[in-house]
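> Whatever this is, show me its structure:
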Amino acid sequence: MQLHFYNSLTRKQEPFTPLDAKRVRFYTCGPTVYNFAHIGNFRAYVFEDILRRTLKFAGYDVCQVMNLTDVDDKTIRGARENHVSLNAYTQPYKDAFFEDLKTLHIESAEFYPAATDPKYIQKMIALVETLIAKGLAYKSDDGSVYFKVAAFPNYGKLSRLDRSTLRSGVRINNDEYEKEGVGDFAVWKAWDPADGDVVWDAPFGRGRPGWHLECSAMGMDLLGETFDLHTGGIDNLFPHHENEIAQAEGATGKPFVHTWMHCAHLRVGGEKMSKSLGNFYTLRDLLAKGCTGREIRYVLLQGQYRQPLNFTFSGLDDARKAFERIDGFVARLNSCHAAQQPAPFAGTFLAQFSDAMADDLNLPEAFAALFGLIREGNAALDKNEPVGGVMEALQSIDRVLGVIFWNNAKSDAEIPADIQQLLNNRAQARAEKRWADSDTLRDKLRDSGWDVRDSKDGQTLKRIPR
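Below you'll find the predicted structure:
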């Protein structure tokens, strides 16, 4: 199965060939945990889940990293306004995010690094030191360290930035800004009284990392200096992803990421989502209105990921009707007594589905294949004709879509977030040959009710019967 993806870096669709023939390493920009994630965020996370599942469907092992931004301008401001520590402010939103992932049957990534983890803070400090040593970053009068955009000739290659618009001597201390305001950006922000106790010591001064620095450091630490895929919403393309490239490639002199993939915005009722318009919804808001995770996931799967998606409540009604059709067909298959010789159409529609997903995750064509399979399957059942292989085709399709066998879904998204993190930490300990740490983590998992076994294919986790 040859996959083809649209690469935001080259602006064209290309055959996807991972650096490792059997394993794909990819990074996804996760939540900034200053509030509950909204459905626009989950449009991106569901797209990334479909990408992950498609890679596995194509036969690849996957190592996915999704970061948790728990220190930036917004999280610090929220902690200050609520008179609590940064961790006390962000932890409830981290917990809520993992609960929301389960609600939408989004598979767990292998790693969820948090920016405030001491290990990664040290990686960020080391990255800043490298940039300073190479003349790509400098300490300013205000004590912050800035990336010198003019000193990196490839700056702007992802966003197609016109370098003639670069303004000499302009510095940007905010995490987010527009192309019109491009200039040297902060990789390390000097401590400010408003930061309170959110501060770390570094050779170049006390402060905290810039938002863009976090992803460069964590991505390279967990996936290597060059890896296969980096994904996110289109709003991350500039300045965030552009700055990630500058920092990483400036430090290593190597390509940072082979393929960049971005999903388009979600609109609600045909308009940009906004609290002032009353069309701003978190996942919890929709659940409180009686929607289900299955219905929401189905709606977020509609459309090609590079095209804007319009979320409507009538779309949720359409999802319910689709599930009546899907569930009714599955029930008929389970209870039918038709001959079970192979149905020739089963392989045909499964191949159509595979071709659609290989074509840059073409979900409209993929759903067309699914409902074509159901249409032909119902017709065969009506005539008492063979339907052998149809259930297996549905199961294969649902490995990617994750909406057909909802009540019986057995994905690692059902593993509690804290258990998944212990498992991820143990995998890293084994990779680094820290056997004592690996044994300690195995014991913690067992004490929590989970048995972990090792094989040539990796770790297998099973709940211990009580």
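> measure residue 286 to residue 103 for me?
Going from residue 286 to residue 103 by CB to CB, to the nearest Å gives 10 Å. For the C-beta atoms, the positions are set from N, CA and C on the backbone; glycine is no exception.
> Please identify every residue contacting each of the two.
Residues within reach of residue 286 and of residue 103 at once, by CB atoms under 8 Å, 6 or more residues apart in numbering, are residue 296.
> Which one of the two is surrounded by more residues?
Between residue 286 and residue 103, residue 286 has the larger neighbour count (other CB atoms under 10 Å), namely 22 against 19.
> Helix or strand for the more buried one, just tell me which one.
Following DSSP states H and E, one finds residue 286 within helix 283-288.
> and the helix or strand following that helix, average pLDDT?
Downstream of helix 283-288, the first helix or strand assigned by DSSP H and E is helix 293-300. On average, the pLDDT along helix 293-300 is 96.
> what's the answer for stretch 44-54, then?
pLDDT averaged over stretch 44-54 gives 98.
> which residues of the stretch 1-150 of the chain fall in strands?
Ranges of strands in the stretch 1-150 of the chain, per DSSP state E, counting those that start in this stretch, are 4-7, 12-15, 23-28, 61-66, 137-139, 145-147.
> With respect to burial, which of those strands scores highest?
Of these, the one with the most neighbours on average (mean count of other CB atoms under 10 Å) is strand 145-147, at a mean of 25.
> hmm, who's touching that strand?
Applying CB under 8 Å, 6+ apart, the set of residues contacting strand 145-147 from outside is 128, 131-132, 136-140, 171, 184-188, 204-205, 207, 243, 246-247, 250.
> ok, now stretch 285-292?
Contacts for stretch 285-292 (CB under 8 Å, 6+ apart): 39, 103, 293, 296, 316.
> what about 10 Å?
Residues outside stretch 285-292 that contact it (CB atoms under 10 Å, 6 or more residues apart in numbering): 36, 38-39, 42, 100, 103, 281-283, 293, 295-296, 298-299, 311, 313, 316, 319-320, 323, 406.
> So how do I select the buried members of these in ChimeraX?
Selection of buried members from the contacts of stretch 285-292 for ChimeraX, criterion 16 or more other CB atoms under 10 Å:
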select :36,38,39,42,100,103,281,282,283,293,295,296,298,299,311,316,319,323,406
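> Quick check: which ranges of this protein have low pLDDT?
167-169, 180-181, 337-339, 407-414, 431, 455-458, 465-466 (pLDDT under 70).
> name the helices or strands packed onto the lengthiest helix in it?
If you go by DSSP state H, the chain has its longest helix at helix 313-335. The contact analysis (3 or more CB pairs under 10 Å, 6 or more residues apart in numbering; DSSP states H and E) places helix 313-335 against helix 293-300, helix 363-382, helix 390-401.
> For residue 271, find the nearest of those helices.
Of all these, helix 293-300 sits nearest to residue 271, with 16.4 Å by CB to CB.
> how distant is the closest one from the center of its chain?
17 Å (CA atoms, centre = their mean, to the nearest Å).
> Tell me the helices and strands packed up against that helix.
If contacts are counted by 3+ CB pairs under 10 Å, 6+ apart, helix 293-300 sits against helix 39-57, helix 86-103, helix 283-288, strand 309-311, helix 313-335.
> Return the most buried member of those.
Scoring those by mean count of other CB under 10 Å, the most buried comes out as helix 39-57, with a mean of 23.
> I'd like to check the angle between it and helix 390-401, please.
130 degrees (axes from the mean of the first three to the mean of the last three CA atoms, to 10 degrees).
> For helix 39-57, output the C-alpha coordinates as PDB.
Output of helix 39-57 as PDB, limited to C-alpha atoms (Å, rounded to 0.1, in the frame of the first residue of the first chain):
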ATOM      1  CA  ILE A  39     -14.000  21.100  18.800                       C
ATOM      2  CA  GLY A  40     -11.800  23.000  16.400                       C
ATOM      3  CA  ASN A  41      -8.800  21.500  18.300                       C
ATOM      4  CA  PHE A  42     -10.400  18.100  18.000                       C
ATOM      5  CA  ARG A  43     -10.800  18.400  14.200                       C
ATOM      6  CA  ALA A  44      -6.900  18.400  14.200                       C
ATOM      7  CA  TYR A  45      -6.600  15.600  16.700                       C
ATOM      8  CA  VAL A  46      -9.100  13.400  14.900                       C
ATOM      9  CA  PHE A  47      -7.200  14.100  11.600                       C
ATOM     10  CA  GLU A  48      -4.000  13.000  13.300                       C
ATOM     11  CA  ASP A  49      -5.700   9.900  14.700                       C
ATOM     12  CA  ILE A  50      -6.800   8.900  11.200                       C
ATOM     13  CA  LEU A  51      -3.300   9.500   9.900                       C
ATOM     14  CA  ARG A  52      -1.900   7.300  12.700                       C
ATOM     15  CA  ARG A  53      -4.400   4.600  12.000                       C
ATOM     16  CA  THR A  54      -3.800   4.700   8.300                       C
ATOM     17  CA  LEU A  55       0.000   4.300   8.800                       C
ATOM     18  CA  LYS A  56      -0.700   1.200  10.900                       C
ATOM     19  CA  PHE A  57      -3.200   0.000   8.300                       C
END
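> returning to what we had before: can I get the helices and strands packed on helix 313-335 in JSON lines including distance to residue 120?
Formatted as JSON lines, those follow (distance: least, CB to CB, whole Å):
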{"stretch": "helix 293-300", "distance to residue 120": "30"}
{"stretch": "helix 363-382", "distance to residue 120": "34"}
{"stretch": "helix 390-401", "distance to residue 120": "32"}
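> For residue 160, which of the ones you listed is the nearest?
Closest approach to residue 160 among these (CB to CB): helix 363-382, 27.0 Å.
> Show me what counts as buried in that closest one.
Under 16+ other CB under 10 Å, the buried positions of helix 363-382 are 363, 365-367, 369-370, 373-374, 376-378, 380-381.
> what's near enough to touch the residue lying closest to residue 194 once chain neighbours are set aside?
Once flanking residues are discounted, residue 194 sits nearest to residue 80: 6.5 Å by CB to CB, 6 or more residues apart in numbering. Contacts for residue 80 (CB under 10 Å, 6+ apart) come out as 86, 89, 194-196, 198.
> and of those, the nearest to residue 398?
When the contacts of residue 80 are compared for distance to residue 398 (CB to CB), residue 89 wins out at 38.2 Å.
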